[in-house]
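K.L.:
my questions are about this predicted structure, shown below with the sequence.
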Amino acid sequence: MTEFDLKISTPAGDAFSGKAVSLSVRGTEGALGILAGHVPFVTVLKPADCHFILPDNTQKDFACGTGLLLVEKDLVTVLSSEITMK
């Protein structure tokens, strides 16, 4: 699968920075799934349980507070008030 750079950050610092093949979060309009090559956009995130898949097919779960999702050509950034890696 095609990979993208994923950065998950809070005001306290980065919770994750590395390669991923997918990201699942909850925006204001509902569930969002992001894969490499997704059209660029910005949206507000709602608090929810989320996850991403690493290139080795390992799933990493995390809880996300309110925040923003920024999808760029080669970088996906989650900026949140709070992140709890599970």
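P.N.:
Thanks, I have it. Residues are numbered from 1 along each chain as shown.
K.L.:
show me the contact partners of stretch 25-32.
P.N.:
By C-beta atoms under 8 Å, 6 or more residues apart in numbering, the list of residues contacting stretch 25-32 from outside reads 23-24, 34, 43-48, 50, 64, 69, 78. To be clear about C-beta, it is placed using only N, CA and C from the backbone, and glycine gets the same treatment.
K.L.:
so where's this structure shaky on pLDDT?
P.N.:
Counting by pLDDT under 70, the chain has low-confidence residues at 1.
K.L.:
where do the helices sit along it?
P.N.:
Using DSSP state H, no helices are found in the chain.
K.L.:
residues in contact with residue 58?
P.N.:
Applying C-beta under 8 Å, 6+ apart, no residues qualify as near residue 58.
K.L.:
do the one 10 residues further on as well
P.N.:
Contacts of residue 68 were listed using C-beta under 8 Å, 6+ apart, and they are 42-45, 77-80.
K.L.:
from residue 37, how far out is it?
P.N.:
21 Å (C-beta to C-beta, to the nearest Å).
K.L.:
put together CSV for the contacts of stretch 25-32, with distance to residue 58 and neighbour count on each row.
P.N.:
What follows is the contacts of stretch 25-32, written out as CSV (distance: C-beta to C-beta, whole Å; neighbours: other C-beta atoms under 10 Å):
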residue, distance to residue 58, neighbour count
23, 14, 22
24, 14, 16
34, 17, 20
43, 26, 15
44, 28, 11
45, 23, 21
46, 25, 15
47, 24, 14
48, 20, 15
50, 15, 23
64, 19, 24
69, 21, 22
78, 18, 24
